[in-house]
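Undergrad: Mind looking at a prediction? Sequence and model below.
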Amino acid sequence: MVYRIKDIQEQLSVVAEDMEKYVRKNKIKVSKDGNISAKAYQAIFDFYSIESAKIDNKSVYVLNGHKIEVKQKPFYESENGTVSLFQDDAINFLKNLPSASVDLIVTDPAYSGMNQRLKLGRGKIIGTYADAGKKGAKWFEEFRDSEENYKTLLQECYRVLRNNRHIYIMFDSYSLLSLAPIVRDVFEVKNVLCWDKVNIGLGHYFRRRHEFILFASKGKRHLNSKNIPDVWKIKRVVHSKYPTQKPTEVFELMMKGSADKDFVVCDPFLGSGSAAIAAIKSSCKFLGCDIADNALTFSKERVKQFLETKTDMYQKSSLLGDDEAMTKLFLNGKFK
Ligand SMILES: C[S@@+](CC[C@H](N)C(=O)[O-])C[C@H]1O[C@@H](n2cnc3c(N)ncnc32)[C@H](O)[C@@H]1O
């Protein structure tokens with residue numbers, strides 16, 4: 001991957017002369033083409049992200065209980081201050097977080113590529129997007145996953161993640177083929193995990209029963225357990241109130257592998273809030289964001305009720321498949 005000063009200038013709107021002064025002052029080596037090392041790129045990126053956060057006039061919000069300043073007011077903050085949900089575009093939301101402020105990212109983006117590639121036969125396989133994202137709409141807005149936009153998203157994920165931490169990104173097969181190389185440019189990819197949904201779904205050829213999850217790291221970190229297989233047998237959510245609601249167990253497994261108590265877990269594509277429920281169950285703190293009104297309404301109600309009653313209004317029972325490894329991990333799982 002090529003690291004260019006010009007990219008930081010454009011992304012963070014830094015004046016070229018300011019950047020030149022910074023580079024000279026810090027004796028950063030720049031090639032004739034304006035390229036710098038990955039380490040220098042991250043250092044400059046971090047410096048200017050924090051600088052731009054200071055300049056910006058948005059209200060500063062401090063998440064109770066742990067020291068994270070988010071330059072936005074949350075849509076919802078739990079009374080105990082451990083869960084905060086924001087309504088924003090994912091990239092914008094991440095840009096408002098300070099560098100190295102999050103311990104684990106688990107996310108399931110709304111890729112735009114999948115629907116385009118599924119224009120087969122009589123039309124799109126997963127329904128109409130006409131009212132996507134609007135109140136009462138059946139479907140949600142897509143994240144524009146052009147190479148450039150996706151790279152920006154990943155670079156922001158990298159910046160906000162602490163060093164020696166993990167990230168899990170969910171993919172359908174189509175998006176994995178086109179976007180996984182970009183993940184490898186930014187993070188160290190360690191595994192391609194397979195979520196086996198047990199029950200068969202739609203499909204024009206072989207019918208889909210799985211999704212992929214890329215497991216990657218920033219720096220070095222072991223998993224909490226060496227007993228977790230790379231195929232996760234967990235049933236899909238049927239008759240969900242929110243499209244593509246994922247079982248909480250999928251996110252719980254990510255946390256079993258990679259979270260300690262009180263870790264700050266972040267999901268910038270929150271949807272119905274399954275990752276938030278998994279974070280509460282795993283004794284973690286949670287920062288979530290979604291662009292859509294209904295995602296925030298759903299997840300706020302769901303989190304509130306779960307914190308008050310310990311019942312999950314959108315996933316009433318366990319969705320673990322009939323699999324010995326999974327059962328062991330959830331019932332007897334001592335991970336340390
Ligand atoms: C696949 S769903 C997430 C489902 C979630 N994991 C769950 O279990 O309910 C993707 C979400 O991304 C949201 N989204 C789409 N574009 C976005 C953007 N630019 N920024 C933030 N969220 C976005 C959609 O509104 C949708 O809720």
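TA: Ah, there it is.

Undergrad: pretty sure Phe298 is in a strand, no?
TA: No. With DSSP: H, G, I helix; E, B strand; the rest coil as the criterion, Phe298 is located in helix rather than a strand.

Undergrad: burial of it, as a residue count?
TA: 21 (other C-beta atoms under 10 Å). (Glycine included, C-beta is placed from N, CA and C.)

Undergrad: How about Val198?
TA: The number of residues near Val198, taken as other C-beta under 10 Å, comes to 16.

Undergrad: Look up phi and psi at it.
TA: Val198 has phi and psi values of phi 70, psi -50 when expressed as degrees, to the nearest 10.

Undergrad: okay but it is in contact with Lys235, surely?
TA: Yes. The pair Val198 / Lys235 is scored as a contact, 4.6 Å apart, by C-beta atoms under 8 Å.

Undergrad: joint contacts of the two?
TA: Gly321 (C-beta atoms under 8 Å, 6 or more residues apart in numbering).

Undergrad: So for Glu188, what's the nearest residue that isn't a sequence neighbour?
TA: Ser217 (5.1 Å; C-beta to C-beta, 6 or more residues apart in numbering).

Undergrad: give me the low-pLDDT residue ranges for the stretch 101-250 of the chain?
TA: Low-confidence segments of the stretch 101-250 of the chain, defined by pLDDT under 70, span residues 113-140.

Undergrad: Give me every residue in it that's in contact range of the ligand.
TA: With C-beta under 6 Å from any ligand atom as the criterion, the stretch 101-250 of the chain meets the ligand at residues Asp108, Ala110, Phe140, Glu141, Glu142, Phe143, Tyr242, Thr244, Gln245, Lys246.

Undergrad: please redo it, this time with the cut-off set to 8 Å
TA: The interface of the stretch 101-250 of the chain toward the ligand, taken as C-beta under 8 Å from any ligand atom, is made up of 107-110, 133, 140-144, 170, 237, 240, 242-247.

Undergrad: Tell me which of the residues you listed fall in strands.
TA: Counting by DSSP state E, these place Thr107, Met170 in strands.

Undergrad: Select only the buried ones of the residues of the stretch 101-250 of the chain next to the ligand in ChimeraX?
TA: Here is the ChimeraX selection string for the buried members of these, based on 16 or more other C-beta atoms under 10 Å:
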select :107,108,109,110,133,140,141,142,143,170,237,240,242,243,244,245,246,247
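
Undergrad: Please put the alpha-carbon coordinates of stretch 162-169 into CSV.
TA: This file holds the C-alpha atoms of stretch 162-169, laid out as CSV (Å, rounded to 0.1, in the frame of the first residue of the first chain):
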residue,chain,number,x,y,z
ARG,A,162,-6.1,1.0,20.2
ASN,A,163,-2.9,-0.7,19.3
ASN,A,164,-2.8,-4.5,19.9
ARG,A,165,-6.5,-4.9,19.4
HIS,A,166,-8.9,-6.8,17.0
ILE,A,167,-11.6,-6.0,14.5
TYR,A,168,-14.3,-8.2,13.0
ILE,A,169,-16.0,-7.2,9.7
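
Undergrad: Could you list the buried residues of that stretch?
TA: Arg162, Arg165, His166, Ile167, Tyr168, Ile169.

Undergrad: Just the buried residues of the strand or helix carrying the residue nearest to Glu188, please?
TA: For Ser217, the host element (DSSP states H and E) is strand 210-218. Using 16+ other C-beta under 10 Å as the test for burial, strand 210-218 gives Glu211, Phe212, Ile213, Leu214, Phe215, Ala216, Ser217, Lys218.

Undergrad: Do a quick rundown of the strands in the stretch 1-150 of the chain.
TA: 3-4, 35-36, 61-62, 69-70, 76-77, 83-87, 102-107, 119-120, 123-124 (DSSP state E, counting those that start in this stretch).

Undergrad: winner for burial among the ones you listed?
TA: Across the strands of the stretch 1-150 of the chain, the average number of neighbours (mean count of other C-beta atoms under 10 Å) peaks for strand 102-107, which reaches a mean of 25.
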